[in-house]
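Asks: Predicted model and sequence follow; I will ask about them next.
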Amino acid sequence: EPTRHRAGAPARVGIMGGTFDPIHHGHLVAASEVAHLFGLDEVVFVPTGRPWQKDLDKVTPSEDRYLMTVIATAENPQFRVDRVEIDRDGPTYTIDTLRQMRHTYGPDVELFFITGADALGAILSWHNVDELFELAHFVGCNRPGHHLSDTGLPEGKVSLVEVPALAISSTECRERVRKGEPIWYLVPDGIVRYIHKTGLYRES
Ligand code: ATP
Ligand code: MG
């Protein structure tokens, strides 16, 4: 039974999907800024299962990515993490995540899918965008090195927003750890410590 909207339940919910390998301050600033701009009640971070667009052998175990996402968001009462994609077998598609969230929250909640400009560009090249847009409003955040214009975007379905830009990527964080370079202040302190404790991203 899907949860129906009730008094006190969130009415405007942001969804931030990602590999989070690892989660970094670019993700957190984007989520925080979109929550502010759109008056969201909460933002749900949804770590992907096996990402279909990434090389399986190179992706960190789901449980580590999930735990890092929990550690990074734990202090913010507006942020929470959903296990739905990591507990599901098979690859993660945005459409599945949105259908699941719609099922969880019921028909009355407004869903806002938060993406960086790079990911939004990929989503807009899909065939089933009409169903995506029925399920959620899409919010594209600027990201250094990625630009989107609003020409050709369906009216009212996609918003492009300026967030304080941070030129941080998970790829660069992994690379820095592999090379023994610091990732302090690119990711939350707890993530630096988790990566050091577990030995993630070190050359084996
Ligand atoms: P990778 O380098 O492994 O691709 P990533 O840094 O792109 O990792 P993802 O987990 O792929 O991180 O991204 C999840 C979502 O966060 C995507 O929508 C992505 O566009 C967005 N995002 C990632 N980094 C930033 C950033 N620095 N600023 C704004 N949005 C970002
Ligand atoms: Mg990426």
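Replies: Alright, I've got the coordinates. Ligands and ions are numbered 1, 2, ... in the order given.

Asks: alpha carbons only for contacts and neighbour counts from here, please
Replies: Noted.

Asks: Quick check: residue 108 touching residue 11?
Replies: Yes. Using Cα atoms under 8 Å, residue 108 is in contact with residue 11, at 7.3 Å.

Asks: More neighbours: which of these two?
Replies: Under the neighbour definition other Cα atoms under 10 Å, residue 108 and residue 11 were set side by side, and residue 11 has more, 17 against 13.

Asks: which ones are touching the more buried one?
Replies: Residue 11 makes contacts with 5, 40-41, 108-110, as judged by Cα atoms under 8 Å, 6 or more residues apart in numbering.

Asks: Select from those residues every entry located in helices.
Replies: Per DSSP state H, helices hold no members of the contacts of residue 11.

Asks: Report the buried members of these.
Replies: Buried residues within the contacts of residue 11, counting neighbours by 16 or more other Cα atoms under 10 Å: 40-41, 109-110.

Asks: could I get these as a markdown table with pLDDT and distance to residue 68?
Replies: Formatted as a markdown table, the buried ones among the contacts of residue 11 follow (pLDDT from 0 to 100; distance: Cα to Cα, whole Å):
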| residue | pLDDT | distance to residue 68 |
| --- | --- | --- |
| 40 | 98 | 23 |
| 41 | 97 | 22 |
| 109 | 96 | 27 |
| 110 | 96 | 27 |
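
Asks: so which of the residues you listed would you say is closest to ligand 1?
Replies: Using Cα to the nearest ligand atom, residue 40 comes nearest to ligand 1 of the buried ones among the contacts of residue 11, at 17.5 Å.

Asks: tell me the phi and psi of the closest one?
Replies: phi -80, psi 150 (degrees, to the nearest 10).
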